[in-house]
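Visitor: Quick one, what's the 3D model for this:
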Amino acid sequence: MMRWLAVIGMMLATARGADTPQTAEEIIKFATAKSAGYRTWSAELRQSVNLMGVPMTLEGQTWFKAPRLTRTEMQMPLVGAMGKMTMIWGADGILWQEMDLLGQKKVMKMDMNLLASNLTARGDSSLEGFHNPDPARQWEASKKFMEYSVVPGAAIDGQAVWVLEGRWKPSASSNPALAQQVATIGKMRLYIGQHDGFTHRIEQFDKTGAKTVVRTDFTKIKFNEPLDDGMFQYRPPAGIEAIDITEMSLQMIQQGAATAPGKP
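Guide: This is a model prediction of the structure:
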């Protein structure tokens with residue numbers, strides 16, 4: 001009897017492929033390796049948000065060019081009209097955000113290099129990966145604060161996907177830069193293509209873990225197509241003065257550090 005069970009087990013392993021990722025760690029390793037081969041990618045983007053009891057859907061496009069150039073353009077619903085938000089992270093390390101609301105433009109910028117160096121100077125380099133949009137670095141950073149498990153999969157756009165469910169590790173609640181996320185998000189689910197290793201969908205749930213508050217879908221994904229560096233350069237329109245929110249962001253992190261659990 002035991003011999004037959006062993007034979008059946010070997011047959012099942014052969015059928016699904018001995019090298020097929022099974023655990024969360026194996027799936028993340030596969031996704032990281034695949035993403036390393038994507039010098040560029042682009043996708044249509046749809047994000048449904050319901051954090052304050054008022055549902056809103058944003059649609060647009062996003063582009064990435066290794067190692068860290070990003071551009072995202074989103075249409076936002078307003079009262080009787082549509083607004084537009086453009087975010088660009090260029091080679092200079094400045095994250096720009098341009099808001100066009102009913103013809104009124106507002107521009108904000110944040111020095112991501114200064115933000116990262118400040119954290120490092122305080123002895124906190126754990127969030128370095130979050131300040132780098134490279135998918136491989138994102139995985140590396142997220143594993144420090146989230147425990148992943150495999151839940152039943154599905155298919156998206158005809159491709160089988162693995163579904164990883166992430167829950168905060170205890171260390172996340174004491175990290176000031178994550179305070180807001182930990183306070184509002186209970187768990188996440190990531191839908192990862194079994195062929196391309198790309199995260200096709202991200203779901204974020206409320207503190208109870210029962211209600212989806214943010215869902216982001218990436219569709220019509222294209223890999224390794226030429227993208228001009230000019231797409232990732234930004235200059236505020238004439239007459240518009242950019243608001244620098246770097247210092248405000250640093251102050252928020254410092255305030256979070258002062259009130260984090262375990263602090264006097």
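
Visitor: Check the contact between Y191 and R201; I expect there is one.
Guide: Yes: Y191 is in contact with R201 according to CB atoms under 8 Å; the separation is 3.9 Å. (Glycine included, C-beta is placed from N, CA and C.)

Visitor: Find the residues that touch each one of these two.
Guide: Counting by CB atoms under 8 Å, 6 or more residues apart in numbering, the common neighbours of Y191 and R201 are 156, 161.

Visitor: what about T208, neighbour count?
Guide: Number of residues near T208 (other CB atoms under 10 Å) recorded here: 8.

Visitor: no no, D244
Guide: Neighbours of D244 (other CB under 10 Å): 13.

Visitor: One more: K109?
Guide: Neighbours of K109 using other CB under 10 Å come to 18.

Visitor: list the buried ones in the regular element (helix or strand) spanning it?
Guide: Here K109 sits within strand 104-111, counting by DSSP states H and E. Within strand 104-111, the residues that count as buried by 16 or more other CB atoms under 10 Å are 107-111.

Visitor: Over to stretch 209-217?
Guide: For stretch 209-217, by 16+ other CB under 10 Å, it's 213-217.

Visitor: Just give me the closest of these to R46.
Guide: Among the buried residues of stretch 209-217, D217 lies closest to R46 (CB to CB), at 4.7 Å.

Visitor: Extract the C-alpha set from stretch 233-246 and format it as CSV.
Guide: Extracted in CSV, the C-alpha atoms of stretch 233-246 (Å, rounded to 0.1, in the frame of the first residue of the first chain):
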residue,chain,number,x,y,z
GLN,A,233,11.5,63.8,-17.6
TYR,A,234,9.3,66.6,-16.1
ARG,A,235,9.3,70.3,-15.9
PRO,A,236,6.4,72.2,-14.3
PRO,A,237,4.3,74.3,-16.7
ALA,A,238,5.3,78.0,-17.0
GLY,A,239,3.9,80.0,-14.1
ILE,A,240,3.3,77.0,-11.9
GLU,A,241,5.4,76.8,-8.8
ALA,A,242,6.0,73.3,-7.5
ILE,A,243,5.2,72.6,-3.8
ASP,A,244,8.0,70.6,-2.2
ILE,A,245,6.6,68.1,0.2
THR,A,246,9.8,66.3,1.1
